[in-house]
Structures are given as structure tokens and as C-alpha cells.
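Chemist: here you go, sequence then predicted model.
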Amino acid sequence: MRVVFLDRATLQATVRRPACADEYIEHQRTAAAEIVPRLSGATVAITNKVPLRAATLRQLPALKLIAVAATGYDIIDVDYCRQHGIAVANIRNYAVHAVPEHTFALILALRRNLLAYRQDVEQGAWNAAEQFCLFTHPIGDLYGATLGLVGEGAVAQATAAIGRAFGMRVLFADHAPPKAAGITFTPLEQLLTESDVVSLHCPLSPATRNLIDRRALGRMKRTALLINTARGGLVDEAALSQALDEGLIAGAGFDVLTVEPPRQGNVLLQVRRPNFILTPHVAWASDGAMRLLADQLIDNIERWHAGTPQHLVT
């Protein structure tokens, strides 16, 4: 059995060789023109961000499993795979601590205006103060505030647990029925209106693309924060930039953009405000989370080969 990893450089963790592989090949990166030659004769393809669409898959008759080294699988033509007997397995729940922690790092920094206060200190405002402290920016507590979560999976549930530990009221919006016990969904429009922090934890699909647009931003409180550690396409980025300029919301913290890396630029890269934080898609990338991902990736291949598959995309 030939196993080929197309973009090994996307994982900064040790990846063990699959025990079932007769041949195991790692490529650090793979360009579009290199996909078919590299996967020729492969039984298993491992990919994180290299897309495998129908036009490509038609040229790979030996392929039987695509092991996605991530949770999101929008880079895979799942319908084609389903119709042609190619199994697709993804990674589940590996970042249930890393992403919620990053989410709250963004929330706390913005809610307490840490970047704005740091900027004041760097510019000498504290040196010139007439008293021992500065009151140049509002500081909001999390206790008693409302956290609105769009999504209800493991990451959203872990984020909710942290929010409750801070004393926050937690609302969920998602597609019925709830997947977890004890969850009552709030309509999205109501969640946007009532939340002090709106945090996105849902997959990107045709139904969720630009879910947060100008209209949605207009429903949020002017004191509210928008956090996105899920997928860039969930938010109309131009509308968000304009909303920040106009003060429609108090701030935003993003770890994702619609196109990554943003080689052709992005409107959010031009936002120079202390109430906006952009990190380069690293919420998931703690050492512990990467180790769990790498182990589960190979487990998925070995379990599939043994006839007891796990984490198959249906």
C-alpha cells in the first residue's frame, strides 16, 4: 500500500509512519501541477490544504482513502468520493483546548482594551498622567456578559465551559436538533442582538458563507465583539472593516481570512486599530494539539486499513 503526504510542512509535529504502509512518501509542499504525478498509484493520500477535486480524482483510479490532516474538508470533492468509493477521514476534537484558549485570549485582550492601553504606555501617556492610572479606554468585565456561540460542536462546547467559568451567560445558535444534551438554540438574529461577544465555531458551507454580513453586524450591540477562529469565509470582510470604521461594533479578533495566505492582500490586513486583532491561523497550533492531530491522522489510516474505520466523512 502506497501512502503519500502532500503537504507535510503544514504540521510541526512528529508523524509516525503508518504500520500498514508498504511505501510512505512525504512531500513538504505540493503545487497543483504536481498532485497527480505524486499520487499516481497511491492508495492513500494525506492532505491538509492541497485540494483534491473531481478533475484531479478522476486521474487517480488507485486512490481509496483521503486522510485529511485537519477538521475542515471543504478542499475535498466529497460527492465525487462518495460516488466512486473513495473514503474520506478527517480529524476530530484535537483542538478542543487550543482553539477555545486562543478565543479567550482574543476576547480578554479586546474586552479589557489591552492593545489600546499598551499603545498609550508606549506613547508616553502614562508618564504624563496626573494620577497613578489612566482611564483612556473602557474596560469590560466578562462576568455577567453574554457569550453568543455560532456552532455547537466540541470546540464551541469547550468555549462555552470557559465562558461559564468567567460567569458569562452562554447562548448557542446552530441547526436543529442539538447534538449535545441540555442545549437550547437561540435564533441567530436574537443571539446577535443580545450577545456582548459573538464567537464563530461553525464550518464553512454555502449556507454559512458570509453569514456575518453588513446586516448581521448592524444587529450587534455597539459594545459587542466579534471573534472568528473558525473559517474566514464566514464573515464579509469588507463589511467588517467598514463596521469597525463606523463604530458599529466595539472590536473584533480574527485568526482566519477568506484566502490564506493572503498573498494578494486583504482588506483586514489594512485595519490598524487597537480594537482589531488578526493572528495567522494559529489558534489550533499548540504543541499539544498538533501532537494529537498527528497521532489521530495515522490512527485514521491504520483503522481504515484494518476494516474498522473511524472519523469517516459521510
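Modeler: Yes, it's here.
Chemist: pull the longest helix from this protein.
Modeler: Counting by DSSP state H, the longest helix found in the chain is helix 287-305.
Chemist: using CSV, write down the CA coordinates of it.
Modeler: The C-alpha coordinates for helix 287-305 follow below in CSV (Å, rounded to 0.1, in the frame of the first residue of the first chain):
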residue,chain,number,x,y,z
ASP,A,287,2.3,21.8,20.6
GLY,A,288,-0.2,19.5,22.3
ALA,A,289,-2.9,19.9,19.7
MET,A,290,-0.5,19.2,16.8
ARG,A,291,0.7,16.1,18.5
LEU,A,292,-2.9,14.8,18.9
LEU,A,293,-3.6,15.7,15.3
ALA,A,294,-0.6,13.8,14.0
ASP,A,295,-1.4,10.7,16.1
GLN,A,296,-5.1,10.7,15.1
LEU,A,297,-4.2,11.2,11.4
ILE,A,298,-2.2,7.9,11.3
ASP,A,299,-4.7,6.2,13.5
ASN,A,300,-7.4,7.0,10.9
ILE,A,301,-5.3,5.4,8.2
GLU,A,302,-4.5,2.3,10.2
ARG,A,303,-8.1,1.8,11.4
TRP,A,304,-9.4,2.1,7.8
HIS,A,305,-6.8,-0.5,6.6
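Chemist: how about that helix: buried residues?
Modeler: 289-301, 303-305 (16 or more other C-beta atoms under 10 Å). Placement of C-beta: from N, CA and C, glycine included.
Chemist: what's the average pLDDT for stretch 134-143?
Modeler: Computed over stretch 134-143, the mean pLDDT rounds to 96.
Chemist: just the residues contacting that stretch, thanks.
Modeler: By C-beta atoms under 8 Å, 6 or more residues apart in numbering, the residues outside stretch 134-143 that reach it are 107-108, 111-113, 116-117, 120, 125-126, 163, 166-168, 196, 223.
Chemist: buried subset of those residues?
Modeler: For those, buried by 16+ other C-beta under 10 Å: Ile107, Arg111, Arg112, Asn113, Ala116, Tyr117, Asp120, Gly163, Met168, Asp196.
Chemist: pLDDT, secondary structure and distance to Ser40 added to the residues you listed, as JSON lines?
Modeler: Below are the buried ones among the contacts of stretch 134-143 laid out as JSON lines (pLDDT from 0 to 100; DSSP: H, G, I helix; E, B strand; the rest coil; distance: C-beta to C-beta, whole Å):
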{"residue": "Ile107", "pLDDT": "98", "secondary structure": "helix", "distance to Ser40": "47"}
{"residue": "Arg111", "pLDDT": "98", "secondary structure": "helix", "distance to Ser40": "52"}
{"residue": "Arg112", "pLDDT": "98", "secondary structure": "coil", "distance to Ser40": "55"}
{"residue": "Asn113", "pLDDT": "98", "secondary structure": "coil", "distance to Ser40": "55"}
{"residue": "Ala116", "pLDDT": "97", "secondary structure": "helix", "distance to Ser40": "55"}
{"residue": "Tyr117", "pLDDT": "97", "secondary structure": "helix", "distance to Ser40": "57"}
{"residue": "Asp120", "pLDDT": "97", "secondary structure": "helix", "distance to Ser40": "59"}
{"residue": "Gly163", "pLDDT": "98", "secondary structure": "helix", "distance to Ser40": "49"}
{"residue": "Met168", "pLDDT": "98", "secondary structure": "coil", "distance to Ser40": "53"}
{"residue": "Asp196", "pLDDT": "98", "secondary structure": "coil", "distance to Ser40": "54"}
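Chemist: among those residues, which one sits closest to Thr146?
Modeler: Using C-beta to C-beta, Asp196 is the member of these that sits closest to Thr146, with 5.1 Å.
Chemist: much appreciated, bye for now.
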